[in-house]
Each structure stands twice: as C-alpha cells, then as structure tokens.
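need a structure here:
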Amino acid sequence: MLGIIILVAILAIAFFLWRKSQKVVVIERGGELKTVRKFDFKPYFVWPSAVAILILFILAISIRTVPVGHAMVKFNVITKRFSVAHEGITLVLPFIYKTKIYDLRRQEYTMSAKKGEGRKKNIDDSLWSPTREGLQVGIDLTCWYKIAPDKVVAVHRGIGPDFAEKVVRPAIRSVVRHVISEYAIMDVYSAHRQQIQDKIKKRIKQLLEPDGFVIEDVILRDVHFTADFAKAIERKQIAQQEAERMEYVLEKEQKEAERKKIEAQGTARAIEIVSVQLKRNP
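Model (predicted):
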C-alpha cells in the first residue's frame, strides 16, 4: 500500500514538473494571434525535482512486506552480512540486498501409502523398513516441525529453501529404519506402537534441532505388511479363533460331564439312603 502511495506521489510530481516546464506564448500565424505552450527548461527547478522523483522511485521499489508468520533473510552484497526482517514492512535497497522469505509457522511432512495424501502426491511413499526378524513393514508417518526464528539465517546459509527434501525427509527415513529394526514385527503392529512413536520423535529431534528446526510432534499413522505376511496373520487369527472355539466347546462338555457325574452321584446317594431305610423298616 505504501509503495502505491509513493508511486502516485511520483506521478503527481512528474505532472507538476511537466506543467511548470511549459510557458504560454503568443505567436502570429496567417495574420492571427494564437497562444501555444512551449517547453521552458529551468535547470534550477527541474534537476532537484528529478532527483526527488528518483529518490521516491527507489524508495517505492525498495518497500517489501513480510507476511505474518514469516521472516525475510537479507544478504548485503557489499558488506557480505546477513540480517533478518520479521513480519511487516521493511526496506530492501535494489542491487544491494538479496532476499529470501521463509515460513516460520508449523509445517507438515507426511509419508503415506495413499496417493495424494503425503508429500509425494502420485506415489506410494510409505516407509518400508526391516524389523528385528528381517521382515518388511511399511510405516505411514507425519512429522510436524518449524524453523526456529533465531536459526533462520543458519538454515538459509547451511541448507537453503529446499530444506524439507534435503534434510527433513532423509532424517525421518534414517530414524524410522533404525528404530523399526529394534523391534519384532508384532511389537510394531500392536504392543509397542506408542513406544516406537515416542522413540522416533526423540531421535528426529536429536538429529534436526541442531540444524535449526523445532520438532513439535511425530504421529505414527498406519502400519502395513507385505501381502504374504498379511495372509499369514489372517491364517493365524483364524486358527486362534478356532482354537478358542474348541476350547470353549471342550470346557462346556467338561462342565456338562461334571454336572451329569454330580447328578448321578446324587441319584445313587438317594437310592442308597432309600435302601438303608427299607432295610431298617421292612
């Protein structure tokens, strides 16, 4: 907005100079007197005004706006020094500064088997890693992170704007592979899932925070198995269900046999008592 105001001011000054640089003269043409405007160059007036216009123009093209939640890294090509401009209006002199704006808000890096869900939109980007037994397991994961405001210059100098692919993704892949290799496949599937998630988060923090990133959270979204292992699990679950069913049937039959035994014992006892009474009272 400020830049537009300055440009309007430049146009107004230019129009004023154009008007002031002309004078009205009377000339005779064909026996008639006519008034015409002629350019009247006045150095003492024009040059200061031209300088003012130039200054205003440079000021207009130097005004930059840093969006909310962002920071602008400025590199002075003369002094070879970096500086940071935070959200709001800042001046960036042309040909003197090179700039790059970085987003300091929370960012997401998702790796998922579902197309269109993760960072790699058109491929299966699930993390396939070997477990302690050497079996392959696929991990869908989301990492929430952001650039530390006081480290934005270090990120710019050491990594650059493509930090997500250069640093964040390789760190996630490396940590996930190392952590998953410490667990059995069934631990990954159920028993130790929360523990694995916490360990992955801790190690990613240790790896990325020295580079200038704040790791806010890591979520283990889903676990995938190979087709053969999935079938094996299904067969195991079916067998387990069948075993539980048979155990229930056997337990039921045992209880029924016990009931009949007790019933028979009771009947025999009753007959015995009746027989004794008959003997005593023929």
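
quick one: low-confidence parts of the protein?
Low-confidence segments of the chain, defined by pLDDT under 70, are located at 1-50, 53, 229-245, 248-249, 253, 256-257, 259-261, 263-282.

domains in it, by residue range?
Structurally, the chain divides into domains by automatic domain parsing as follows: 2-103, 107-225.

of these, flag the one that's most buried.
Scoring these by mean neighbour count under mean count of other C-beta atoms under 10 Å gives domain 107-225 as the most buried, with a mean of 17. C-beta here means a position set from N, CA and C on the backbone, and glycine is covered the same way.

can you measure across that one, start residue to end residue?
29 Å (C-alpha to C-alpha, to the nearest Å).

for the remainder of this discussion, apply numbering that starts at 9.
Sure, I'll start numbering at 9, so the last one becomes domain 115-233.

for residue 109, give the beta-bridge partners.
When bridges are called by DSSP bridges, residue 109 pairs up with residue 80.

what secondary structure does residue 159 sit in?
Assigned state for residue 159: helix (three-state reduction, DSSP: H, G, I helix; E, B strand; the rest coil).

OK, contacts around it?
Residue 159 is in contact with 219-221, counting by C-beta atoms under 8 Å, 6 or more residues apart in numbering.

change it to 10 Å
Taking C-beta atoms under 10 Å, 6 or more residues apart in numbering, we find residue 159 in contact with 166, 217-222.

check residue 84 too.
Counting by C-beta under 10 Å, 6+ apart, residue 84 makes contact with 90-91, 101, 104-106.

any chance of those in JSON lines, plus distance to residue 258?
Rendered in JSON lines, the data for the contacts of residue 84 read as follows (distance: C-beta to C-beta, whole Å):
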{"residue": "90", "distance to residue 258": "77"}
{"residue": "91", "distance to residue 258": "80"}
{"residue": "101", "distance to residue 258": "88"}
{"residue": "104", "distance to residue 258": "88"}
{"residue": "105", "distance to residue 258": "83"}
{"residue": "106", "distance to residue 258": "80"}
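
show me these that map onto helices.
Restricting these to those inside helices, with DSSP state H as the criterion, leaves an empty set.

show me which of those residues is closest to residue 255.
When these are compared for distance to residue 255 (C-beta to C-beta), residue 90 comes out closest, at 71.5 Å.

I figured that closest one hits residue 79, correct?
No. If you go by C-beta atoms under 10 Å, residue 90 and residue 79 don't touch, sitting 11.6 Å apart.

now do the shared contacts for these two.
Jointly contacting residue 90 and residue 79 under the rule C-beta under 10 Å, 6+ apart are 160-161, 164.

residue ranges for the strands of this protein, please.
With DSSP state E, the ranges of strands along the chain come out as 30-37, 40-47, 71-84, 89-99, 105-111, 115-119, 135-138, 144-155, 221-233.

out of those strands, which is closest to residue 180?
Between residue 180 and the strands of the chain, the shortest separation by C-beta to C-beta is 5.7 Å, and it involves strand 144-155.

among the contacts of residue 84, which two are most distant?
For the contacts of residue 84, the farthest-apart pair by C-beta to C-beta is 90 and 101; their separation is 15.2 Å.

if we can go back for a sec, nearest to residue 134, of the contacts of residue 159?
Comparing those against residue 134 with C-beta to C-beta picks out residue 221 as the nearest, at 23.0 Å.

list the contacts of that closest one.
For residue 221, the set of contacting residues under the criterion of C-beta under 10 Å, 6+ apart consists of 115, 151, 153-156, 159, 163, 167, 171, 175-176, 179, 212-213, 215.

residue 86: which of those is nearest?
Distance from residue 86 was checked for each of the contacts of residue 221 by C-beta to C-beta. The minimum falls on residue 163, at 23.4 Å.

contact partners for that closest one?
81, 110, 155-156, 169, 171, 175, 219-221.

same check, this time on residue 218
Shown in contact with residue 218 (C-beta under 10 Å, 6+ apart): 159, 162.

next one: it relative to residue 89, how far apart?
Noted for residue 218: a distance of 23 Å to residue 89, by C-beta to C-beta, to the nearest Å.
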